[in-house]
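> Whatever this is, show me its structure:
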Amino acid sequence: MSSSSKDCNTVKKYHHGQVILPQGFSGQAMGLVEKGRVEIFQKNEDGEDTALKMLNTNDMFGIGSLFGELERQTGVRSINKSIVTIMDRRDFIRRIHKNPQVAFDVLKSLCLRIKDMSEEVHDQRQELKNKAQESK
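Sure thing, here's the model as predicted:
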């Protein structure tokens, strides 16, 4: 997807710790890490941030917001000097029309996330089952 990122409306450089998209952001925008590392984080009830996932060059975030998700449940922050392309829904659609491979890249990313989440759920169920057996 990075080959045509010049078509997007916003390419920005971020420094360590700089928030790219805050938790609760309600815009329809996704991001592509062009260079560097970013983390997906979530604030807990006490206002403390918990890192959920690290993303590297060519990883995408915020895809769900392009398809009508109202409010981001997580935030995105730069871990080191990073370059990130932010595109809104209109730019995303325009990009797909120019290069249909972009749609496949997004679908692949979503499928990998579903697989990761399924594995996490399986591991958590197994852990709960093991704890239940230990307590008997």
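
> Distance check, the most centrally placed residue in the chain against residue 106.
Nearest to the mean C-alpha position of the chain, by C-alpha atoms, centre = their mean, lies residue 61 at 2.4 Å. Here the distance between residue 61 and residue 106 works out to 11 Å (C-beta to C-beta, to the nearest Å). From N, CA and C alone the C-beta is placed, and that goes for glycine too.

> can you count the residues close to the residue nearest to residue 52 when sequence neighbours are not counted?
Nearest in space to residue 52, with sequence neighbours left out and distances taken as C-beta to C-beta, 6 or more residues apart in numbering, is residue 40 at 4.7 Å. By other C-beta atoms under 10 Å, 21 other residues sit near residue 40.

> which residues does residue 40 contact?
51, 52, 53, 54, 55, 61, 74, 75, 76 (C-beta atoms under 8 Å, 6 or more residues apart in numbering).

> Who is the residue lying closest to the residue nearest to the centre of the chain once chain neighbours are set aside paired with across the strands?
Take residue 61 and drop its neighbours on the chain: the residue closest to it by C-beta to C-beta, 6+ apart is residue 31, 5.0 Å away. With beta bridges defined as DSSP bridges, residue 31 has these partners: residue 61, residue 86.

> pretty sure residue 31 contacts residue 85?
Yes - between residue 31 and residue 85 there is a contact under C-beta atoms under 8 Å: 6.6 Å.

> Helices of the protein, start to end?
Here the chain has its helices, by DSSP state H, at 89-98, 101-134.

> what are the bridge partners for residue 49, then?
Where residue 49 sits in a bridge, its partners, by DSSP bridges, are residue 43.

> sorry, back to before: which ChimeraX command selects the buried ones in the contacts of residue 40?
Provided next is the ChimeraX selection string for whichever of the contacts of residue 40 are buried by 16 or more other C-beta atoms under 10 Å:
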select :55,61,74,75,76
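
> Quick check, pLDDT for residue 97.
Looking at residue 97, its pLDDT is 93.

> I misspoke; the intended subject was residue 102.
Note on residue 102: pLDDT of 86.
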